[in-house]
Each structure stands twice: as structure tokens, then as C-alpha cells.
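Engineer: The following block contains a protein sequence and its predicted model.
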Amino acid sequence: MARPFHLGWFTHFGPDEWDAPFASAGGSPWDGAFHTDLARALERACFDLVLLEDSLAVSAEAGGTRELLLRTGVRAPRHDPAPLSALLAAATQHLGVVTTLSTLLYPPFLLARLVSTLDSLSGGRTGWNIVTSTDDAEARNAGLPALPDRDERYAAAQEHVDVVTALLDSWDPDAVVMDRATHTYADHTRVRAVDAPGPRHPVAGPLTTVRSPQGRPVYCQAGGSPTGRAFAARNADLVLAVANGPAAMKAARDDVRRLAAEAGRDPDALRVLFLVAPVLGETEGEARAALARSAAHPTALATTLAKFSAYTGVDLTALDLDAPLPPPAQLLAGSARGSLGTLAKFAQVDDEGRPSTKPLRELAADAGTNSSLDLVGTPEQVADQLEAAAEEVGGDGFLVTTPFHRLSRHYVVQVTEGLVPVLQRRGLVRSRYTAATLRGHLTEF
Ligand SMILES: Cc1cc2nc3c(=O)[nH]c(=O)nc-3n(C[C@H](O)[C@H](O)[C@H](O)COP(=O)(O)O)c2cc1C
């Protein structure tokens, strides 16, 4: 039997599946109630965490216009995940809540103060998804003319993370003494300035906030390029990855663990979760029919092209739908934008880095689920596949997301009350929480 694995849920503060037969009655997600229900369902199913994705612009990568993204509602509109994460933490007792904050847009001081406060509010259940942003429109919202190139982005991100970490460490764990005899709240000798702020972020410190329960919230990262992976290996407690099938998943996990060892870290301190999007039904036929219905949805192709244009920085809407994709390196030649890892997954590159010869139309249909594994079937069948993949990959777990971009309570119930109980009966996932913090959940097994 595979050792137990971890479960996270990947979503964002955006619309739910508002135009589907099982759309939520309320209609609007903006008061946070929909996501609160999601968080409670995930906690009942003993998930480790929910991760709130973010982007800081309404991208026009698809065809040079914002129309597709706004019409389909997949990446815009979206609200700020940080306040939502406070709401979700208040609505739960155990679930980890990870919020995405870009090193491009947030000054380290404000970011450190924010994640420290969230970690205190949640009693130590906060994570920071460290992203460097991938879109010129995001850079322009940060006051830059264009996105810096990938190496500069990651170099700046490294300095940013080092400063955030130094700020989080600027309060010793025992700095708050609350000594009634001397009327001393905090011992000033245990609160210090930042020693060596980098040239891009000359921050003095100390932080205004007291040390939070985890001290340092859980650091998450999802870079898929060689530079991105090296950055994740050096900094992340939790690596989020997407790959094509078990062999590629194993290669990606082995690689990031090797890079972590090279950076002087214990590879076992890292958890690597792979994005999966199960399509479930009471019978396999029902699941396959649901997948076919989603794929045939009138906006399915447009949605996938718009979303992956924004993710990858390549205008997929300008390419011939009936021809194969050029190699990713050629597509991104000279471009600072986009996620190489996500593009490689979309293009279904093989071990030698060659893209699939499938036409774009077919790649887009496959990418509709954006899953590391093809998971279509009954809860038992999907559990079989997850168990086998976890065994083959040596995997730490899975980050569940929604097939075909949409999220409904109906889908949440299928996973949390269909799939997860099967995994629990097999002893493959947690049936109760034993730790108090997110880092505790992730290091429990
Ligand atoms: C599962 C997953 C989740 C991600 N979430 C976000 C996100 O919320 N916001 C964002 O700007 N980038 C996100 N990214 C992009 C990465 O953080 C990274 O910036 C991007 O992949 C570019 O780096 P790369 O070229 O090294 O892959 C995500 C990537 C993956 C695979």
C-alpha cells in the first residue's frame, strides 16, 4: 500500500459555475459565502489546505483584448485572496489557508506584515504562495513598463523572500514578555532591525507584528522552468507542480528534491503536490458523459485558450487550431512572460522536450482538465489511479482543482463526499487532524 498522502484544493476568489445546471442558488461569490462553504467542506474531508490563486491584471494576452477573459470569467474578475483567507480561517479550525502574493507587486514589508497577521489570525494555518507574476499587464500595474526577464524576476524574488524571512525573524519567539512587575509588554532587546537588506529592497525593520504561531508561514512555490524549480527547491516547504502523467511527475519530483539537496536542504522537508482534476460519476459511463458534456460546452475551447494564453504568455488564439504547436522555446523566444512549466504541460512535451504532434485544438481539449493524470470514473476507480500514481511517483499528494475551470458545490461534494471517503477507507489520506498548524499537517506524514 502507498504511504498516506496530502490533499490540497486549488481555487481562486472568482465566480463559481454560475451558468451550469447545478449552479449555486446565491449567484454571487463576492461576499465570500461560497468559498466559506468550500472551506468547511474541505475541512470535513480533512484536507491539508486550500490554496487561493491570484493574478494582478485583467490579461489581454489572448488576442490583445480582455474580451475573452471577461466574457468567460475564468481569470477575471477576481477579488483579493488575502482578506478572503482571513474569512476562511475564521470559518474553520484546522484547514490550512494559502494565499498568493506576488513578489513583483507587494513590497516585502507589507507582505511580511500581512502574512504574519494572517498567521496569527488563523492560529498558525497560513501559507504564502510565492509568485513572480507572468504577465506584462501585471508588471504595468506594479509601475513597470514590462515584465522583467525570468532570471531577473527570480533573482529579485530571492532577495524579496530573504527580506521577508528576515522581517518575520525580527521578533524572537520570546519577545513578548508581558511582565506585570516591570510593566513591560515586549522586551526591546529581542526585537531587531533587518541586518542585510538587499539592494532592491532596502528595508530597515523590525516588523510591527509580533511573531506569529508558525513564525514563518508555509512557503509554497510553483515555478516549472529550471530557474523556477531551483527557486522552489531553495525556498519552498510546499511545491505545486503540474506534469503529464506519472513518469513526468516522478521526474519533476525527483528533480526538485535533487535541487533541494544541492541547495543544502533535506529533500524530505519538501512536499510536492501535483495538480489533478478528477471527473467523477456514479458509473464510469456517467463520468465520461460528464467530461464529454464539459468539453462540448459552447465556451470550453475559448475558455481554455484564453486561460492558457494568460498563463503562458503565448497568444494561443492567434495560432492555427488544426496545426501542431511550435516548440515552447520558439513560442516564448525573446519573451519574459509566461510560465514555462505550464506551457510545457499544455504542449505535452516529452522527456526530450519535444512538443506533442497533436493539433492545438486537441491540446486545448486535453488541457481543459489541466490535470497531471487522466482521472475519469467512479470514486473507486479514481482512488485506484491516485493510489497507483502516489506509489509510482513516491508522491507527497495532490492539489485538487476543477476540470474545465468551473467550481460548483456539486463538484465539491463529489470530491469531498465521494472520492475522499474511499481514500480514507484505504488509509491513503487523513481521517482526522492531529496537528494544530499547516506546517504540522504537512509534516505529519
Ligand atoms: C499549480 C500552479 C499554480 C500557480 N499559481 C499561480 C498564481 O496563483 N499566480 C501567479 O501569478 N502564478 C501562478 N503560477 C505560476 C508560477 O508561480 C510561476 O510564476 C510561473 O510558473 C513562472 O515560472 P516558470 O516559468 O518557472 O514556470 C502557478 C503555477 C502552477 C503550476
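Structural biologist: Received, thanks. Bear in mind the structure is a predicted one, so any value in this text is a computation, not a measurement.
Engineer: use CA for all of it now, contacts and neighbours both
Structural biologist: Noted.
Engineer: how about whichever strand or helix holds residue 330: buried residues?
Structural biologist: Under the criterion of DSSP states H and E, residue 330 resides in helix 328-331. Across helix 328-331, burial judged by 16 or more other C-alpha atoms under 10 Å covers 328, 331.
Engineer: Can you tell me what sits against the next helix or strand after that helix?
Structural biologist: Later in the chain than helix 328-331, the nearest helix or strand by DSSP H and E is helix 340-346. The contact list for helix 340-346 (C-alpha atoms under 8 Å, 6 or more residues apart in numbering) reads 223-225, 242-244, 308, 311-312, 328, 355, 363-364, 367, 370.
Engineer: Put the alpha carbons of helix 340-346 into PDB.
Structural biologist: C-alpha atoms of helix 340-346 as PDB (Å, rounded to 0.1, in the frame of the first residue of the first chain):
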ATOM      1  CA  LEU A 340       7.400  27.700 -19.000                       C
ATOM      2  CA  GLY A 341       6.200  24.800 -16.800                       C
ATOM      3  CA  THR A 342       2.600  25.400 -17.700                       C
ATOM      4  CA  LEU A 343       3.400  25.800 -21.400                       C
ATOM      5  CA  ALA A 344       5.400  22.500 -21.400                       C
ATOM      6  CA  LYS A 345       2.400  20.800 -19.800                       C
ATOM      7  CA  PHE A 346       0.000  22.300 -22.200                       C
END
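Engineer: What helix or strand is residue 440 located in?
Structural biologist: If you go by DSSP H and E, residue 440 is part of helix 438-443.
Engineer: I meant residue 240, not that one.
Structural biologist: Element membership for residue 240 (DSSP H and E) is strand 238-241.
Engineer: Can you dump the C-alpha atoms of the helix holding residue 330 in CSV for me?
Structural biologist: Output of helix 328-331 as CSV, limited to C-alpha atoms (Å, rounded to 0.1, in the frame of the first residue of the first chain):
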residue,chain,number,x,y,z
PRO,A,328,7.8,26.0,-26.5
ALA,A,329,11.3,27.6,-26.6
GLN,A,330,10.4,29.0,-30.0
LEU,A,331,7.0,30.2,-28.8
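Engineer: related to what we said a few turns ago, output the contacting helices and strands for the strand holding residue 240.
Structural biologist: If you count contacts as 3 or more C-alpha pairs under 8 Å, 6 or more residues apart in numbering; DSSP states H and E, strand 238-241 packs onto strand 218-221, strand 271-276.
Engineer: What residues of the strand or helix carrying residue 289 count as buried?
Structural biologist: Taking DSSP H and E as the criterion, residue 289 maps to helix 284-295. Neighbour-count burial for helix 284-295, counted by 16+ other C-alpha under 10 Å, picks out 284, 286, 287, 288, 290, 291, 294, 295.
Engineer: Surely residue 88 is in a helix?
Structural biologist: Yes. Using DSSP: H, G, I helix; E, B strand; the rest coil, the assignment for residue 88 is a helix.
Engineer: Around the ligand, pick out the residues from the stretch 51-200 of the chain.
Structural biologist: Within the stretch 51-200 of the chain, the residues that sit near the ligand (C-alpha under 6 Å from any ligand atom) are 53, 54, 55, 100, 131, 132, 133, 134.
Engineer: Leaving out the residues flanking it, which one is nearest to the second one?
Structural biologist: Ranked by C-alpha to C-alpha, 6 or more residues apart in numbering and with sequence neighbours excluded, the top spatial neighbour of residue 54 is residue 100, at 5.6 Å.
Engineer: Compute the number of surrounding residues for the one you found.
Structural biologist: 22 (other C-alpha atoms under 10 Å).
Engineer: just checking, which of the contacts of helix 340-346 belong to helices?
Structural biologist: 308, 311, 312, 328, 363, 364, 367 (DSSP state H).
Engineer: and which of those is nearest the ligand?
Structural biologist: Among the ones in helices among the contacts of helix 340-346, residue 311 lies closest to the ligand (C-alpha to the nearest ligand atom), at 7.2 Å.
Engineer: Once you drop chain neighbours, what's closest to the closest one?
Structural biologist: Excluding the flanking residues, the one nearest residue 311 by C-alpha to C-alpha, 6+ apart is residue 338, at 5.7 Å.
Engineer: Same question for residue 28.
Structural biologist: Nearest to residue 28 is residue 15, by C-alpha to C-alpha, 6+ apart, at 7.1 Å.
Engineer: one step back: tell me the one among the buried residues of helix 284-295 nearest to residue 79.
Structural biologist: residue 294 (25.5 Å; C-alpha to C-alpha).
Engineer: ok now do the nearest residue in space to that closest one that is not next to it in sequence, which residues does it touch?
Structural biologist: Among residues not flanking residue 294 along the chain, residue 404 sits closest, at 6.6 Å (C-alpha to C-alpha, 6+ apart). Residue 404 makes contacts with 294, 295, 300, 304, 368, 369, 370, as judged by C-alpha under 8 Å, 6+ apart.
Engineer: three-state assignment of residue 404?
Structural biologist: At residue 404 the chain is in helix, as set by three-state DSSP.
Engineer: I'd like the distance between it and residue 297.
Structural biologist: Going from residue 404 to residue 297 by C-alpha to C-alpha, to the nearest Å gives 9 Å.
Engineer: overlap in contacts of those two?
Structural biologist: Residues touching both residue 404 and residue 297 by C-alpha under 8 Å, 6+ apart: none at all.
Engineer: coming back round to it: determine if any part of the very next helix or strand once past the strand holding residue 240 is in contact with the ligand.
Structural biologist: Per DSSP H and E, strand 238-241 leads on to helix 245-262 as the next helix or strand towards the C-terminus. No. Using C-alpha under 6 Å from any ligand atom, helix 245-262 stays clear of the ligand, coming no nearer than 11.7 Å.
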